[in-house]
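*Asks:* Let's see this in three dimensions:
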Amino acid sequence: MRANLAGLSDRELVLRVQGARDRHAFAELVRRHQAPLQAFLWRLTGGGEAEDLAQDVFIRCHDRIATFRGDAQFRTWLFAIAYREFLRWKRRTLLYGRLLHYLSGPAENAALDPDDALSLQSALNGLSVPERAAILLCDACGLSHGEAAQALSVPLGSLKTYVQRARGKMRQAMDGNAELEQGLVSCETTS
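*Replies:* Numbering: from 1, shown residues only. Here you go, the predicted structure:
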């Protein structure tokens, strides 16, 4: 089967996947593009997460291949997905790490300023439960607004309102702590 597919163009393989959900055609696309995709992601991430990210990219690609219209080459479309996945990974990693750092109490992290940890925890405790859940899912765990709304079983508009209110309350509670405030600003610009 592979020999038959090797002679097909990417576009022809995509059409087979779109039309008949041909798993062999998709496997051929993965075989063709996996090494350059991993190399791209390796250079972006510094190596650590390239394989896992590449797997996530191919899963997302498979889930969305029906939306591929052929306006660009398949490879261009795939690398665009890869770049967006990298940005999501980077945002999720940085924000999750930052929140864990500040929430991990002083006994567990000697470099952590106890006042910062208490300030962040106090600000989080000042949020309503839906606001706290929304901001943690979106900003610490990296879920999209749609994913967070689904996880919390709330309408998308409500979720967006919870996140906006939570960020405002957090910013107000963090007044004077530039590093923590910067984390909230970066969350807003990447969501």
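
*Asks:* Flag the shaky bits of this protein, pLDDT-wise.
*Replies:* Counting by pLDDT under 70, the ranges of the chain that qualify are 1-3, 95-118, 141, 175-191.

*Asks:* I figured Gly70 was touching Val14, is that so?
*Replies:* Yes - shown here, Gly70 and Val14 form a contact pair, counting by Cβ atoms under 8 Å, at 7.4 Å. Just so you know, the C-beta spots here come from the backbone N, C-alpha and C atoms, and that holds for glycine as well.

*Asks:* more crowded one of the two?
*Replies:* A count of neighbours by other Cβ atoms under 10 Å puts Val14 above the other of Gly70 and Val14, at 23 against 12.

*Asks:* Tell me the buried residues in stretch 148-162?
*Replies:* Residues of stretch 148-162 classed as buried under the neighbour-count rule (16 or more other Cβ atoms under 10 Å) are Ala148, Ala149, Leu152, Val154, Leu159, Lys160, Tyr162.

*Asks:* Likewise for stretch 43-53?
*Replies:* Quick answer for stretch 43-53 (16+ other Cβ under 10 Å): Leu44, Thr45, Glu49, Ala50, Leu53.

*Asks:* now stretch 65-85
*Replies:* For stretch 65-85, a neighbour-count test (16+ other Cβ under 10 Å) marks Ile65, Phe68, Phe74, Trp77, Leu78, Phe79, Ile81, Ala82, Glu85 as buried.

*Asks:* roughly how far apart are the fifth one and Ala72?
*Replies:* When Cβ to Cβ, to the nearest Å is applied, the distance between Leu78 and Ala72 equals 10 Å.

*Asks:* Pipe the buried residues of stretch 65-85 into TSV and attach secondary structure and distance to Arg23 per row.
*Replies:* Listed next are these as TSV, based on DSSP: H, G, I helix; E, B strand; the rest coil; distance: Cβ to Cβ, whole Å:
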residue	secondary structure	distance to Arg23
Ile65	helix	12
Phe68	coil	16
Phe74	helix	17
Trp77	helix	19
Leu78	helix	17
Phe79	helix	22
Ile81	helix	19
Ala82	helix	21
Glu85	helix	22
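
*Asks:* What about the residue nearest to Ala6 when sequence neighbours are not counted, how many residues nearby?
*Replies:* Nearest residue to Ala6, sequence neighbours excluded (Cβ to Cβ, 6 or more residues apart in numbering): Glu28, at 6.9 Å. A count of nearby residues for Glu28, using other Cβ under 10 Å, gives 21.
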